[in-house]
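Participant: Have a look; sequence and predicted model below, questions after that.
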Amino acid sequence: MSTIVTGSDQQLQRTIDWKGAFWVASGVPALVLFSIGGIGGIGGTAAFAIWAVSMFLGFVQSFTYAEIAGLFPNKSGGASVYGAAAWIKYGKFIAPLSVWCNWLAWTPVLSLGCAIAAGYILNGIAPVPGADSPAVVAWLADPANTAAIAGMTPEDAAAAAIGALTPTMQTWTLFSFEIEGFTTFSIGTPFFIGAVLMMIVFAIQHRGILNTARTQMIIGLVIVITMLIFGIVPLLQGKVVAANFSPMVPITGAWNLEGWTLVFGGLFIAAWSTYAFETSICYTREFKNPATDTFKAIFYSGLLCILIYVLVPFTFQGVLGVAGMTDPSVVAGTGVAAAMAHMVGGGPALEGILVILMILALLLAIMTAMAGSSRTLYQGSVDGWLPRYLSHVNSHGAPTRAMWTDLCFNLILLTFAASDAGSYYIILALSNCGYIIFNFLNLHAGWIHRMDSGHVRRPYRAPTFILALGGIFAFLNAFLMGAGAAVWDLDPEKGIDPLWGGLLAAALIIPVFWYRHYVQDGGKFPPQMLEDIGLKEGQGLGERKAGVLPYVVLIAGLAVVLIAKMIVG
């Protein structure tokens, strides 16, 4: 018989209130930087509306998360852990899927954020000259280069000049190879810069959640103010042009199937950012008063995200217009900081300061992601879903083994994310497939908990119609995944369809959970996990008061995904 070990003697510590969690989650608004260029590139004049609609969906859904989080004051790890407790009665392998997919969604923030930040830093210290820059004009006029550009079109000649003038630091690579039919593996300057940034974040979080919250409060306040500057100052300067919002159509210029598919793709990828403030309830086990802190943390984080995710994309589109949003560097993400800084104006010095603040904003998002995703791994281990070694915490109450797992996994991802825009968006789309699966399971976990444990006291009880809306939105999100994921396969002949890749990544939990549950724990769950859901060892998993409804929901959700995929082709 196996002995079940739930972790070390040390535990997460109750050291923060809702304001601490709010500041830890204050990195979520910075996630707008990850895909604002990409969504602008496909959304056209409808890009701002995509962000606004997605934020509305995310805010309504958060009330379901707030209710189920209040049921488990002694758990960390966020909504996925609380949702898994609802699904465990209906299938041992369904419950850990929620935790696994939530981690798959959050952990790539580290590599993707570091890839963008590395691009910002590289462009700052070794900028690539523009086609109309004095350096390019001088190179083209130099007689020594006449032979090299003979017979070229002006565009090709300018490209040749840019290639010749691009600093070596931008192109230096230690090691690189292509995985045929998939992506490029590259270890170069962006990788090393990103790795250093990742280690800095790790060092800050190694000292526990209280130290992390204090650091993020300082950085977060500066970054929130910076984001508000980007959103408000161009408005006051009269730079927002009404013509940039009409006619409201996707980049195709028409509301046909192709246009709607792009909008679905935009809503799909925006969800990765706009829904993410649910991470503020990852720290329930570390709240001084979880009964009141849990709801306040997610509610006020949601209000902050509404402000940023509506205001910043509105101003971004109003100033740049479709032409600016579809600039290759903006779509790739590396040119977003320069574009936003230029929106505010003030000369090169001020623009340079704003770019530095944008890098800090990305670091804030990375810190938020590592804090949340590592606790998801930690609690998943404590509850018996994931391997035992992840349940360790250090003397400061930081889940260090989970953090090391995050770090190592993302160093591997960084070799792909930093190689090109195509790989970046493939990783983002694969990650978001996991997020939508987590979202689907947890929105339905709200009503399952109501049916199975309606007698249990809830510090916050969401209105029933909000709970029902959450269930409807879960199916809407499933439709968006089926219809919109493939939009982000920027090279269909080379890449993998993000939908199938995301489903495959989600399925990896099957061997992981099988190893933990049947090999390490002998087919039994940890006593503490059973106690958290009102059960005792040897009593089974309890009565299934929801009957067959959870299974009907799962089948219907899969059907929605597949039908949506068939509709758009």
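Facilitator: Cool, got the structure.

Participant: pLDDT at the residue in the chain sticking out farthest from the centre, what is it?
Facilitator: Within the chain, Pro143 marks the point farthest from the mean C-alpha position, 49.9 Å out by Cα atoms, centre = their mean. pLDDT, Pro143: 88.

Participant: need the contact list for it.
Facilitator: With contact set as Cβ atoms under 8 Å, 6 or more residues apart in numbering, Pro143 has no partners. Heads up, the C-betas are built off the backbone N, CA and C, glycines and all.

Participant: 794 is where my numbering starts, stick with that
Facilitator: Okay, residue one is now 794; in that scheme the one you just asked about reads as Pro936.

Participant: what separates it from Ala943, distance-wise?
Facilitator: 12 Å (Cβ to Cβ, to the nearest Å).

Participant: same question, Gly1316
Facilitator: For Gly1316 relative to Ala943 (Cβ to Cβ), the value is 75 Å.

Participant: where does the stretch 1244-1362 of the chain have low pLDDT?
Facilitator: 1283-1288, 1325-1334 (pLDDT under 70).

Participant: Now do the helices in it.
Facilitator: For the stretch 1244-1362 of the chain, applying DSSP state H, counting those that start in this stretch gives helices covering 1257-1277, 1291-1300, 1302-1307, 1320-1325, 1342-1361.

Participant: what sits up against the first one?
Facilitator: Counting contacts by Cβ under 8 Å, 6+ apart, the residues outside helix 1257-1277 that touch it are 850, 853-854, 856-857, 860, 1054, 1057-1062, 1064, 1225-1226, 1229, 1232-1233, 1236-1237, 1239-1240, 1243, 1292, 1295, 1346, 1349-1350, 1353-1358, 1360-1361.

Participant: Run a quick neighbour tally on the residue nearest to Gly1275 when sequence neighbours are not counted.
Facilitator: Nearest residue to Gly1275, sequence neighbours excluded (Cβ to Cβ, 6 or more residues apart in numbering): Ala1357, at 3.0 Å. Counted with other Cβ atoms under 10 Å, residues neighbouring Ala1357 total 20.

Participant: Then Met1136?
Facilitator: Met1136 has 23 nearby residues by other Cβ under 10 Å.

Participant: okay, the helix or strand that contains it in PDB with CA atoms only?
Facilitator: Using DSSP states H and E, Met1136 maps to helix 1129-1137. Written as PDB, here are the backbone C-alpha positions of helix 1129-1137 (Å, rounded to 0.1, in the frame of the first residue of the first chain):
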ATOM      1  CA  VAL A1129       4.100  47.900 -30.000                       C
ATOM      2  CA  ALA A1130       6.200  49.800 -27.400                       C
ATOM      3  CA  ALA A1131       7.600  52.200 -29.900                       C
ATOM      4  CA  ALA A1132       4.200  52.800 -31.500                       C
ATOM      5  CA  MET A1133       2.600  53.500 -28.200                       C
ATOM      6  CA  ALA A1134       5.400  55.800 -27.100                       C
ATOM      7  CA  HIS A1135       5.100  57.700 -30.400                       C
ATOM      8  CA  MET A1136       1.400  58.100 -29.800                       C
ATOM      9  CA  VAL A1137       2.100  60.100 -26.700                       C
END
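
Participant: Would you mind listing the buried residues in the next helix or strand after it?
Facilitator: On the C-terminal side of helix 1129-1137, the closest following helix or strand by DSSP H and E is helix 1140-1175. Residues of helix 1140-1175 classed as buried by neighbour count (16 or more other Cβ atoms under 10 Å): 1144, 1147-1175.

Participant: average pLDDT across the helix holding Met1136?
Facilitator: Mean predicted lDDT for helix 1129-1137 stands at 83.

Participant: buried residues in it?
Facilitator: The neighbour-count check on helix 1129-1137 (16+ other Cβ under 10 Å) flags Val1129, Ala1130, Ala1131, Ala1132, Met1133, Ala1134, Met1136, Val1137 as buried.

Participant: tell me the angle that helix makes with helix 1140-1175.
Facilitator: 130 degrees (axes from the mean of the first three to the mean of the last three Cα atoms, to 10 degrees).

Participant: quick one: the strands in this protein?
Facilitator: Remark: strands assigned in the chain by DSSP state E are 966-972, 976-981.

Participant: OK, contacts around the closest residue to Asn1082 other than its chain neighbours?
Facilitator: Nearest residue to Asn1082, sequence neighbours excluded (Cβ to Cβ, 6+ apart): Asp810, at 6.8 Å. If a contact means Cβ under 8 Å, 6+ apart, then Asp810 has Phe1080, Lys1081, Asn1082, Asp1086 as its contacts.
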